[in-house]
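K.L.:
show me the folded form of this:
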Amino acid sequence: MDKKTERRSAIKKLIASIPTLAGLGYVANARSTNENETSFGEVTEFQEVPLFSTHIARNNMVYIAGRGAHEEGEEGVSYDIKTHTEIVLKELEKELTKAGSSMEKVLKVSVFLSDIADYKGMNEVYRGRFGKRPPVRTTVAVAKGGIPVGSLVEIDCIAYI
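P.N.:
Next up is the predicted model:
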């Protein structure tokens, strides 16, 4: 199957899986051999209450939760947008690999910037990271308050397995 046909098939599966995702319940670290069943990545908890899963895989699709860079330089000096973007993209790649996918299989990316002035710097690091045919992408600057825990960028994605 060529890349174009493979992507079309993945997009059809994505669209078909959307109604079933709305009714998902909480299951931590489930694994499935049946492609119609759901598997979950690690669950982030807050005071013993599930907050979110790091990824959810269903119908040969994987949905990766937003990743931010919560790093500080020496003596509390924050890294710049390029460093934060590099950290976030590496974390996305690790999570995609855990879910059985890869950067080349990403179909949709959402990028959230603390400051739209960082758009150019983020793009310099982002360019070429998803193979020769990059995914569709939405990029927005977040409202007052920024991205949680001081990250300059947060990225989530949808890919096929």
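K.L.:
lowest-scoring secondary structure element of the chain by mean pLDDT?
P.N.:
Comparing helices and strands within the chain by mean pLDDT, DSSP states H and E singles out strand 43-46 as the least confident, with a mean of 53.
K.L.:
what about this protein, any weak spots by pLDDT?
P.N.:
1, 3-5, 7-50, 71-78 (pLDDT under 70).
K.L.:
residue boundaries of the helices in it?
P.N.:
3-21, 81-98, 119-126 (DSSP state H).
K.L.:
how about Pro112, what does it touch?
P.N.:
For residue 112 the amino acid is Phe, not Pro. Gly66, Thr139, Val140, Ala141, Val142, Ile147, Val153, Glu154, Ile155 (C-beta atoms under 8 Å, 6 or more residues apart in numbering). Quick note: C-beta positions are derived from backbone N, CA and C, even for glycine.
K.L.:
what's the ChimeraX line that selects buried ones from those residues?
P.N.:
In ChimeraX, this line selects whichever of those come out buried by 16 or more other C-beta atoms under 10 Å:
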select :66,139,147,153,154,155
